[in-house]
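Engineer: Here's my sequence, what's the structure:
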Amino acid sequence: VRVVESGGGLVQPGESLRLSCEASGFTWSAYVMSWYRQIPGKERELVAAMTAGGGAINYAESVKGRFTISRHNIKNTVWLQMNSLEPEDTAVYYCKVRPRKVDDGFWGQGTQVTVSS
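Structural biologist: The predicted structure follows:
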């Protein structure tokens, strides 16, 4: 299984970024694609998650109303649209794909998001 993220960068507070994640090499019919983030010295935290059919979506409280997760209808691709970015959103963002009823999954290499004036 291969997971590749892209779209990170340096932005100013209040600006937007869109992250992309493309996963390949699996045949699960029911799976979950998620975005996590991590800053040095802290645990990786869930930001947003979406099931393959798009029927279940959840967000961390800290990003509700600002971030939106969406997916390509055919490809195993999800996006994370991040609006009104704050310095506290600075982190390495990781994409994870897993079978729906299994906690373990596959991670991408991460993409750095820095929000700073």
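Engineer: Burial check on Ser116, number of neighbours?
Structural biologist: 10 (other CB atoms under 10 Å). For the C-beta atoms, the positions are set from N, CA and C on the backbone; glycine is no exception.
Engineer: residues in contact with the closest residue to it other than its chain neighbours?
Structural biologist: In space, not counting the residues next to it along the chain, Ser116 is nearest to Pro87; the distance is 6.2 Å by CB to CB, 6 or more residues apart in numbering. Counting by CB atoms under 8 Å, 6 or more residues apart in numbering, Pro87 touches 13, 115-116.
Engineer: Could you tell me which of those are located in strands?
Structural biologist: Taking DSSP state E as the definition of strands, those contribute Val115.
Engineer: now, which of the contacts of Pro87 sits nearest Ala91?
Structural biologist: Val115 (9.3 Å; CB to CB).
Engineer: Go ahead and confirm the closest one touches Gly9.
Structural biologist: No - using CB atoms under 8 Å, Val115 is not in contact with Gly9; the gap is 9.9 Å.
Engineer: Looking at these two, which one has more neighbours?
Structural biologist: Ranked by neighbour count (other CB under 10 Å), Val115 and Gly9 place Val115 first, with 20 against 13.
Engineer: got a pLDDT number for that one?
Structural biologist: You'll see Val115 listed with a pLDDT of 98.
Engineer: got it, and Pro87?
Structural biologist: 97.
Engineer: ok, now which ones touch the spatially closest residue to Arg44 that is not a sequence neighbour?
Structural biologist: Once flanking residues are discounted, Arg44 sits nearest to Gln38: 4.2 Å by CB to CB, 6+ apart. Counting by CB under 8 Å, 6+ apart, Gln38 makes contact with 44-45, 91-92, 94, 110.
Engineer: can you map out the helices along the chain?
Structural biologist: Applying DSSP state H to the chain gives no helices.
Engineer: So which residue is smack in the middle of it?
Structural biologist: Compute the mean C-alpha point of the chain, and by CA atoms, centre = their mean the closest residue is Trp35, 2.3 Å away.
Engineer: returning to what we had before: distance to Leu19 added to the contacts of Pro87, as JSON lines?
Structural biologist: Shown next, in JSON lines, are those (distance: CB to CB, whole Å):
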{"residue": "Pro13", "distance to Leu19": "18"}
{"residue": "Val115", "distance to Leu19": "13"}
{"residue": "Ser116", "distance to Leu19": "17"}
